[in-house]
Structure formats: structure tokens, C-alpha cells
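Trainee: quick check, what structure comes out for this input:
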Amino acid sequence: MIPRSRQRTAVDIPVVVTSVLDSLEGIIVDLSEGGAQITGCSLPVRSQCQLDYDGHIVFGIVQWSEQDRMGLRFPYELSDGPLFDRLEIARATGTTPNAFMPRPIGAGGFGRRVA
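Mentor: Modelled structure (predicted):
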């Protein structure tokens, strides 16, 4: 497995995901400067989209997709704006949603489901 260059942080951030054909509501559950995992919606792999949060747009490319969630890579790393601010707050407080939820025995990694 290739180690990640950025630390992922559990968050709970509602966003609007817009592609050429759709505008969908989702929730960012895992965020770093380089990408995000979004639940509640999905787009095809390699789709380009934009995330709208608090009037700020962040561009993304779908790296993996399942029926109810997907992983995005940001072509331009987060360095400012409302999403970056939320990431910094989540890291500073150390309190993340789901931090105290028990994990099922044999559960896979933090990202994709293991089938």
C-alpha cells in the first residue's frame, strides 16, 4: 500500500456536488488538503466535478465510486477558504464525528469498503 502524503481527518460537512449533468447533495466525511470522501451521492470514476460549500468552489476528480459514496482528488490542494478552515478546526479540536463509534470486527481501512 502506498502511504498517503496528507493526513485524512474525519469531518461532517454538507456540500453540493456539481458535474456537467447533475447537482447532488452529499456529506464530506473524510477530508485532507488533497481530497475528500463524500457520502450520499456518487459519480462515475474520472468524472470532473466541483464542490460548493458556503459559496466557495473546489474542483475535484472522482478517483473511486460506489453506489452511495466516492473519493475525490483535488487537482489544486486546499490552502484557504471555508473547507480548509473546517479542516483546520477539525484537526485542532481533535474531536471528530464518529471518533467514538465502534468499528465492526474485521473492518477494512478508513476509505473504501472491503467486500
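Trainee: show me the helices in the chain, by range?
Mentor: Counting by DSSP state H, one finds helices in the chain at the ranges 82-93.
Trainee: I would like the residues contacting stretch 17-32, please.
Mentor: Outside stretch 17-32, the residues that touch it by CB atoms under 8 Å, 6 or more residues apart in numbering are 4, 6-16, 36-41, 43, 47-53, 69, 78, 83, 86-87, 90, 98, 110-111. C-beta coordinates here come from the backbone N, C-alpha and C atoms, glycine included.
Trainee: give me the buried entries from those residues.
Mentor: Buried positions within the contacts of stretch 17-32, assessed by neighbour count (16 or more other CB atoms under 10 Å), are 8-11, 13, 15, 36-38, 40-41, 43, 47, 49, 51, 53, 69, 78, 83, 86-87, 90.
Trainee: so where do the strands sit in this protein?
Mentor: Along the chain, the stretches classed as strands by DSSP state E are 9-18, 23-32, 35-39, 48-53, 56-65, 69-73.
Trainee: and of those strands, who's closest to Gly94?
Mentor: Shortest distance between Gly94 and the strands of the chain, using CB to CB, is found for strand 9-18: 9.6 Å.
Trainee: for Thr93, give its distance to Arg6.
Mentor: According to CB to CB, to the nearest Å, Thr93 and Arg6 sit 18 Å apart.
Trainee: contacts only, for Phe84.
Mentor: Neighbouring residues of Phe84 by CB under 8 Å, 6+ apart: 33, 78.
Trainee: which pLDDT value goes with it?
Mentor: Taken from the predicted model, the pLDDT recorded for Phe84 is 96.
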